[in-house]
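*Asks:* Give me a model of this one.
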Amino acid sequence: MVKKLLPYLILTMGLLHIFLLHHLLFKLIPMALILVYAYLQCSSANKRHAFLTLAGLFFCMLGDGLLRFFVVGLSAFLIGHLFYLSAFLMRWRFSPLRLCAALPLAGFAAFMGWKLHGGLTAGGHDNLIVPVFLYVAVITLMGFFAVMTGNWRCAAGALLFIASDSILSWNMFVSDIAYSGVLVMGTYYTAQFLIAGSIRHRLRASGGIQNGSDAPVRFLT
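*Replies:* Reported below is the predicted structural model:
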């Protein structure tokens, strides 16, 4: 019962934060609930993958709380992405089609790096160029490995995370984006929820149980 109700509670608390309750506490509540949701997906058969994903969620929640200290928050998110990257690497399944689908991420990362470099330089934030570029590289790799899993939850979650961070960084360092707060947090919470939900599909993605409504939807195989 709790597992079935949690997605609705996450959605409700996420919408409350985005549109009404902007205090930091209410920003963290949806992430705390997503952590609980992820934990409830765990089983004895996927402990390592679950641990890596849970650790990623935890460090991202930590980054949320510390983002007012930009470099500290960015570092927490970077660690979270390294955990996600490791979890996705465990599920790597090579496919030429998925490789072709993932390659545009490199072009997008180069474009974002170019624009952010200009914005950081113009704004007198030269000291942030190295940490921001390192973050762009890590989140791009995370997205690449997510696509290569062939698991739609991993891939969609990672790509939405990249979209969220791209909107946030563009709004901070390049130019204003209308409704950026709604766009950033909406894509962010959705991304984290999808990544959390990918835990229970570890065995199915590896060739285990394939029948029933919980069977994975794989893409570009």
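*Asks:* Might one say that Gly65 is in contact with His23?
*Replies:* No. The criterion here is CB atoms under 8 Å, and Gly65 misses it with His23 at 11.7 Å. C-beta: built from backbone N, CA, C; applies to glycine.
*Asks:* Looking at these two, which one has more neighbours?
*Replies:* Neighbour count, other CB atoms under 10 Å: between Gly65 and His23, Gly65 has more, with 16 against 9.
*Asks:* and the longest helix for this protein?
*Replies:* When the chain is parsed with DSSP state H, its longest helix is helix 152-173.
*Asks:* Lowest mean pLDDT among the helices and strands, pick that one out for the chain.
*Replies:* Every helix and strand of the chain was ranked by mean pLDDT, DSSP states H and E. The lowest is helix 202-205, at a mean of 46.
*Asks:* got the CA coordinates for the longest helix of the chain in CSV?
*Replies:* Provided in CSV are the C-alpha atoms of helix 152-173 (Å, rounded to 0.1, in the frame of the first residue of the first chain):
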residue,chain,number,x,y,z
TRP,A,152,14.1,3.5,-20.7
ARG,A,153,13.8,4.6,-17.0
CYS,A,154,17.6,5.0,-16.7
ALA,A,155,17.8,6.8,-20.1
ALA,A,156,14.8,9.1,-19.6
GLY,A,157,15.9,9.9,-16.1
ALA,A,158,19.4,10.8,-17.1
LEU,A,159,18.3,12.9,-20.1
LEU,A,160,15.8,14.8,-18.0
PHE,A,161,18.5,15.4,-15.4
ILE,A,162,20.8,16.8,-18.1
ALA,A,163,17.9,19.0,-19.3
SER,A,164,17.2,20.3,-15.8
ASP,A,165,20.9,21.2,-15.2
SER,A,166,21.2,22.8,-18.6
ILE,A,167,18.2,25.1,-17.9
LEU,A,168,19.5,25.9,-14.5
SER,A,169,23.1,26.7,-15.7
TRP,A,170,21.9,28.6,-18.7
ASN,A,171,19.6,30.7,-16.5
MET,A,172,22.4,31.4,-14.0
PHE,A,173,25.3,32.1,-16.4
